[in-house]
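**Q** quick check, what structure comes out for this input:
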Amino acid sequence: AADGGEAYPSRPADAPLAPGPRGLLKGPNNILPLGRWLYAVGKDNSVLARYDLSALQDDPEAGHPPGEVVMGAEVAVEGLGVQRYQGQSGLAYRDGWLYIAYRTSSVILRVRVDEAFEVVQPIRAQLVARFEPYDPATGRSADLTDLSFDDRGRLYVISAQPARVYRFTPDPEAVFDARPDAASPALPWVDLAAATGRPRMKSENLLVHAGYLYVTSGDGYD
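**A** The predicted structure follows:
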């Protein structure tokens, strides 16, 4: 929204606009560089966008990169038809697939990308995981905020609060299901809140690198 509008609801109407791109993301939550693209997600308007970094790669002073929306809240999912998922939050890449986590709907999808790292159109997403969705009565969900792969193709997922890490190998033919009401709910790979004795421990980011899993921790919530 060029005037601030819905993309910047807290901006006073008479406030001057700062220079720069605006209007694609509301509540940007994660980014992932792939080739010449920078993919980014907005949790508040449930958008996957990408920015073309080609000019910046040649000239750091090239200015703001052009961007475009790749996918919104509604997406065609294999076997499920068109679904509406909200709260895009985490991104990861592996073997020609872009993985997207949602912190409100609490699912993980993957979409195919080509050799140029462009999302294949028309989009036909695959569902690979389900977690506890947002409950209006409690105001809580699994709150998925970040993803990372290890070198064996196992996906690590952080559930923010209480801090828990899940690990699984994505397979749309055997969807990982950690919903409490599932027939056999998948358990956390590690429950950081329980392990540290801090039931309200919050962790929002993780990274697998060189055989180690790194997790941020905000433990000031007791």
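
**Q** ok, now which ones touch the spatially most central residue of the chain?
**A** For the chain, the residue sitting closest to the mean C-alpha position, by Cα atoms, centre = their mean, is Gly90 at 1.8 Å. Taking Cβ atoms under 8 Å, 6 or more residues apart in numbering as the criterion, Gly90 is in contact with 29-30, 41, 99-101, 103, 108, 144-147, 157-158. C-beta here means a position set from N, CA and C on the backbone, and glycine is covered the same way.

**Q** check Leu144 too.
**A** Counting by Cβ under 8 Å, 6+ apart, the residues that Leu144 touches are 89-90, 101-103, 106, 108, 131, 157-160.

**Q** who wins for most neighbours among the contacts of Gly90?
**A** Among the contacts of Gly90, the one with the most neighbours (other Cβ atoms under 10 Å) is Ala101, at 31 neighbours.

**Q** per-residue confidence for that residue?
**A** At Ala101, the pLDDT value in this model is 97.

**Q** ditto for Asp219
**A** At Asp219, the predicted lDDT confidence score is 64.

**Q** mind listing the helices for the chain?
**A** 54-58, 192-196 (DSSP state H).

**Q** out of the ones you listed, flag the one nearest Phe168.
**A** With Cβ to Cβ, the closest approach to Phe168 among these belongs to helix 192-196: 17.2 Å.

**Q** just the buried residues of that closest one, please?
**A** Buried residues in helix 192-196, defined by neighbour count with 16 or more other Cβ atoms under 10 Å: 192-193.

**Q** and that helix, what does it pack onto?
**A** For helix 192-196, the packing partners by 3 or more Cβ pairs under 8 Å, 6 or more residues apart in numbering; DSSP states H and E come out as strand 164-168.

**Q** the strand it packs on pairs with which strands, and in what direction?
**A** Here strand 164-168 is paired, per DSSP bridges, with strand 155-159 (antiparallel), strand 190-191 (antiparallel).

**Q** gap between the nearest residue to Val41 once chain neighbours are set aside and Pro122?
**A** Computed as Cβ to Cβ, 6 or more residues apart in numbering, the closest residue to Val41 that is not its neighbour in sequence is Gln88, at 3.8 Å. Per Cβ to Cβ, to the nearest Å, Gln88 is found 19 Å from Pro122.

**Q** more neighbours: those two, which one.
**A** Higher neighbour count among Gln88 and Pro122: Gln88, with 31 against 6, using other Cβ under 10 Å.

**Q** return the subset of the contacts of Leu144 lying in strands.
**A** 89-90, 101-102, 108, 157-159 (DSSP state E).

**Q** pLDDT weak spots in this structure?
**A** 1-23, 219-222 (pLDDT under 70).

**Q** go again with 80.
**A** Screening the chain residue by residue with the criterion pLDDT under 80, one finds the ranges 1-23, 218-222.

**Q** the residue nearest to Val41 pairs with what?
**A** Listed beta-bridge partners, Gln88: Tyr102 (assigned using DSSP bridges).

**Q** what about the residue nearest to Arg112 when sequence neighbours are not counted, how many residues nearby?
**A** Leaving aside its sequence neighbours, Arg112 sits nearest to Val120 (Cβ to Cβ, 6+ apart; 4.3 Å). For Val120, the neighbour count with other Cβ under 10 Å is 12.
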